[in-house]
Each structure stands twice: as C-alpha cells, then as structure tokens.
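**Student:** turn this into a structure:
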Amino acid sequence: MNEPLREEKVFKDPVHHYVYVRDQTIWDLINTKEFQRLRRIRQLGTTYLTFHGAEHSRFSHSLGVYEITRRIISQFERNGYPDWPVEERLVSLCAALLHDVGHGPFSHSLEEIFDTDHEEWTCNILLGDTDINKVLRQVSEDFPEKVAAVIQKTYPKPIVVSLISSQMDADRMDYLLRDAYFTGVNYGTFDLERILRVLRPYQGKIVVKESGMHAVEHYLMSRYQMYWQIYFHPVTRSSEIILRQIFRRAHELNQQGYTFRWMADPIQKLLNNTLSLQDYLKLDESMAQMAFAEWSEEADEILSDLCRRFLNRRLYKYVTIEPDEALLAEVADAMLAVGLNPDYHMEIDYPFDLPYDVYKPDQNNGEKKEKAPILLLDSEDGISEISVKSDIVRSITGLRQGQYHLYFPEEPLAQNKDRLSERMIKLFKLD
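**Tutor:** Numbering: from 1, shown residues only. A predicted model of the protein is given here:
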C-alpha cells in the first residue's frame, strides 16, 4: 500500500522551482538504482555539442513530468471535478515519473542502429526483476502491470494515458520548457500556469477551456520553433550522424570478427544483440564515451576517425542539396577518389516534424497509436478539436518542413581538391 510521507520531500528545480514528493511510493521509486541511472543519460543526446548548456539529464526531465502531472491532478482534485477518477492518482504519478526509465545512452541514435525501443525497455524494467518492480508490487501485485499499460497506451482509462502521452501532455510540456532553459533560448517558453488552469477532465478525456485556446496556440508554436531551431539544428544532426556511424561501424566490425583493443561486456552484448535486462541497465553515456575514447586508437581507420571526430567535435560539414540518383552517384565517386568510404562519409538527412496533426481515430498507419488530439470545451459543454477553431493551429496542422542536407568530412576533400571535378568542388563549397 502507498502511504503519505511523514515529511514532504522537495527537489529544487530550475524550471518548476520545486518538485514536491508526498507519497512513499514515489520517493522509493526515485531512490531505486534504475531511476538513479537516468542521471547518467542526457535528455538531449548530442545537442550539448551545439548548445553547450544542454547537459541536463533524463532524471531531471522525469521529475519535471511527474511534477506537472502532480499539479494537474491536484487542480482536478482541488476543484472536485467529477470526471476525474481519483483512484487513478497514484498510477498516473508513477507512469509520469517512470515513462523514460528505459532510455539508453544517446537513446534515439542507439535505437535506430540496433532496432530497440526505449518504451519496450521501460516496460521490461517495470515488469522484470528490478528494484522498481519491487516498489510497485508493494502497492499491489498487479500494480506494475497497470503502470506498464499506461506506458504502452493500453490502459483502460484513456484520461490517464493522455496525461503523459497526447498532443499536449506533461512530457511535452516539461521537455519544451526544460530544453529551452538549458539551451539558453526563448523559443520553448509558453504560459504553463495558464494552461494548467484551463485543463479539465471531461467525459473520460482531458480538455481545454475554450478561453485558454491562445495559451495552447502559444504552446504549439513554441514546439514548432523548438524543433526547427534546436532539435533539428543541422550541427546537432551532424553529431547524431557521426554517433550513428560509430555504432554502425562497431557493429559491422564485430560481425566480421574484428578484435577490439577495448570492449565492455554490455557493449559487446549490444553489438551481438544478446542484451539481458541487467546488461541493458549497465549501459549509460559514461560507458559509451569510454568506448569512444578507446576506439579512437583502433587499427580500423574508419572507426578511430569517427570516434576522434565525435570526442573532439570535428563534425561533418553540410550543404543543402536537391538530391537525385545521378548527383548522389557522382558524390560517391568523389568520395572514393579521395580515399573515403561513401557508406560512412556521406549521408543525406531530411528532418521533418508534425507540430500538430489532426487526430483520426481510425488511422493507425501500422505504427503506434495516434496521440490524442487537443479538445476545446466551450461554455455550453460542447467539444471541438482545436484546429477547427484556431487559424494558427490550422496553419501548422499536417505541416512537414525540411531541406535535404548532404553531410561529409570536409578536410580530406579540401586536401585533395585536385582529384575532384569543378562541379564537386562547387557542391562541397571548397573554392
């Protein structure tokens, strides 16, 4: 059973000022080794190589998501809204706190190369032989399954899922504010206090009072700006590309039977696709950085060069292009002419984002379930999806934006200009 703490615990937080913990279960979860591991996982992966302040962790973000969820629920309970199921408070808070506990080092890049899923690892942690599972089972034997169902978006009460996974959830609200703070920009700021005041539980969903529509517009525009100015910054994309190439090369060498000068057991098992839960929990960014430092002296020139580039921030240069097969073939030939490997030394990147997408209940596209839409509640208790009433939201709904960038190592191309055609010299901007 969950008990209230004798004395409230408080975390000082740069975004929310304070994070309040009043439940023994929440306090016990924070103190598990699996949750403490999140201190060693950066929230923004390689973004610190572009914005030097972006050193904040998944730990601080998870506390922030918990705090926003706690404040939303407190507002619902304080006002006595009948549509909020008060018995769902603890499962909501636990899911908010633990939603990212399955992230690995440089999570999304790792997932792309090794076809893993941090949500799947999260559920493995909740349901496996872990301290987190032990804490959750102290509430009830089926409580770990309940929290996992919220993470998997299969929980029978959608209002609980929407708190941490919707188009305006506690997760997004915290990471926009937190990432803006630590990158030193103003794009991600919005009026969180106003949004929290206008949220309402209604007919099994979380809705927004229509009078709060402008605050939601501001939130969506902030998200739009953060994606294009921070998350999709072309320099950050360059560091992500090099990171992926490091893991790709290590994976390829491992499959070829290459003997590494240094190898940690969890990384070996990652490369072999034999990670157990306990192996996975040993992986963090300190271990990854140690591997890169050691691999920077490997005999394999591709791997060692990639690692030195990542560690010393010698990132790939990028140019904007309109790719076609003939052009890409010519670029690949140019790479080969100067002794580069096109598989590792050129990459086309095209970022795109959907800042707000109209929810279609029957649309799944073979992927994960759509995130619940933002619904407005008018003065006569009518419900409408926000893009119906907002010109601003309608203007960004379904909007995909992006440019094709070609990434490549500049130095070897510049040093061997005499081997390149005039067209390639101009394309690479070496003149």
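**Student:** residues contacting the worst-scoring helix or strand of the chain on mean pLDDT, please?
**Tutor:** One helix or strand of the chain scores below all others by mean pLDDT, DSSP states H and E: helix 107-114, with a mean of 84. Identification of contacts with helix 107-114 by CB atoms under 8 Å, 6 or more residues apart in numbering yields 41, 45-46, 104, 116-118, 240, 243-244, 247-248, 251, 270, 273. For the C-beta atoms, the positions are set from N, CA and C on the backbone; glycine is no exception.
**Student:** quick one, the helix or strand following that helix and helix 107-114 angle?
**Tutor:** Following helix 107-114 in sequence order, the next helix or strand is helix 118-127 (DSSP states H and E). The directions of helix 118-127 and helix 107-114 differ by 100 degrees, with axes from the mean of the first three to the mean of the last three CA atoms, to 10 degrees as the criterion.
**Student:** distance from the chain centre to helix 118-127, please.
**Tutor:** Counting by CA atoms, centre = their mean, to the nearest Å, helix 118-127 is centred 15 Å from the centre of its parent chain.
**Student:** name the helices or strands packed onto the helix or strand that comes right after it?
**Tutor:** Counting by DSSP H and E, the element after helix 118-127 in chain order, helix or strand, is helix 131-137. Helices and strands touching helix 131-137, by 3 or more CB pairs under 8 Å, 6 or more residues apart in numbering; DSSP states H and E, are helix 24-30, helix 33-36, helix 118-127, helix 143-151.
**Student:** need the residues that contact the second one.
**Tutor:** Okay, so that is helix 33-36. For helix 33-36, the surrounding residues in contact (CB under 8 Å, 6+ apart) are 29-30, 59, 62, 97-98, 101, 125, 130-132, 281.
**Student:** present those as TSV; the columns should include distance to S421 and neighbour count.
**Tutor:** Output for the contacts of helix 33-36, formatted as TSV (distance: CB to CB, whole Å; neighbours: other CB atoms under 10 Å):
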residue	distance to S421	neighbour count
L29	60	24
I30	59	21
F59	51	19
S62	52	24
L97	57	25
L98	55	31
V101	52	27
I125	53	25
T130	58	21
D131	61	16
I132	58	24
L281	51	21
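**Student:** mind putting those residues in CSV, distance to K12 and pLDDT included?
**Tutor:** Compiled in CSV, these are given as follows (distance: CB to CB, whole Å; pLDDT from 0 to 100):
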residue, distance to K12, pLDDT
L29, 19, 98
I30, 14, 98
F59, 14, 98
S62, 16, 98
L97, 17, 98
L98, 22, 98
V101, 22, 98
I125, 27, 98
T130, 28, 98
D131, 25, 98
I132, 24, 98
L281, 27, 97
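**Student:** for H52, state which of those residues is nearest.
**Tutor:** F59 (19.7 Å; CB to CB).
**Student:** ok, now how distant is that closest one from Q289?
**Tutor:** Going from F59 to Q289 by CB to CB, to the nearest Å gives 18 Å.
**Student:** what helix or strand is Y407 on?
**Tutor:** Take DSSP H and E as the rule and Y407 turns out to sit in strand 405-408.
**Student:** any idea how far that strand is from the chain center?
**Tutor:** Remark: strand 405-408 is offset 23 Å from the chain centroid, using CA atoms, centre = their mean.
**Student:** quick one: contacts of it?
**Tutor:** Contact with strand 405-408 is made by 234, 237-238, 241, 316-321, 323, 331, 335, 345-350, 427-428, as judged by CB under 8 Å, 6+ apart.
**Student:** buried subset of the residues you listed as a ChimeraX selection?
**Tutor:** Listed next is the ChimeraX selection for buried residues among these, using 16 or more other CB atoms under 10 Å:
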select :234,237,238,241,316,317,318,331,335,345,346,347,349,427,428
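**Student:** filter the contacts of strand 405-408 down to just the ones in strands.
**Tutor:** By the criterion of DSSP state E, membership of those in strands covers 317-320, 347-349.
**Student:** dump those into TSV; add distance to A293 and pLDDT as well.
**Tutor:** Below are the ones in strands among the contacts of strand 405-408 laid out as TSV (distance: CB to CB, whole Å; pLDDT from 0 to 100):
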residue	distance to A293	pLDDT
K317	24	98
Y318	26	97
V319	30	97
T320	33	95
E347	24	96
I348	29	95
D349	26	93
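**Student:** what about the stretch 51-200 of the chain, any weak spots by pLDDT?
**Tutor:** Applying pLDDT under 70 to the stretch 51-200 of the chain flags no residue at all.
**Student:** go again with 80.
**Tutor:** Scanning the stretch 51-200 of the chain for pLDDT under 80 picks out 107.
**Student:** rewinding a little: from the ones in strands among the contacts of strand 405-408, pick the one nearest V185.
**Tutor:** If you rank the ones in strands among the contacts of strand 405-408 by distance to V185 using CB to CB, Y318 comes first, at 20.8 Å.
**Student:** helix or strand: which one has F51?
**Tutor:** Short version, using DSSP H and E: F51 is in no helix or strand.
**Student:** so the residue nearest to A149 when sequence neighbours are not counted: helix, strand or coil?
**Tutor:** Counting by CB to CB, 6 or more residues apart in numbering, A149 lies nearest to Y155, which is 4.2 Å off, once chain neighbours are set aside. Of the three states, Y155 takes coil under DSSP: H, G, I helix; E, B strand; the rest coil.
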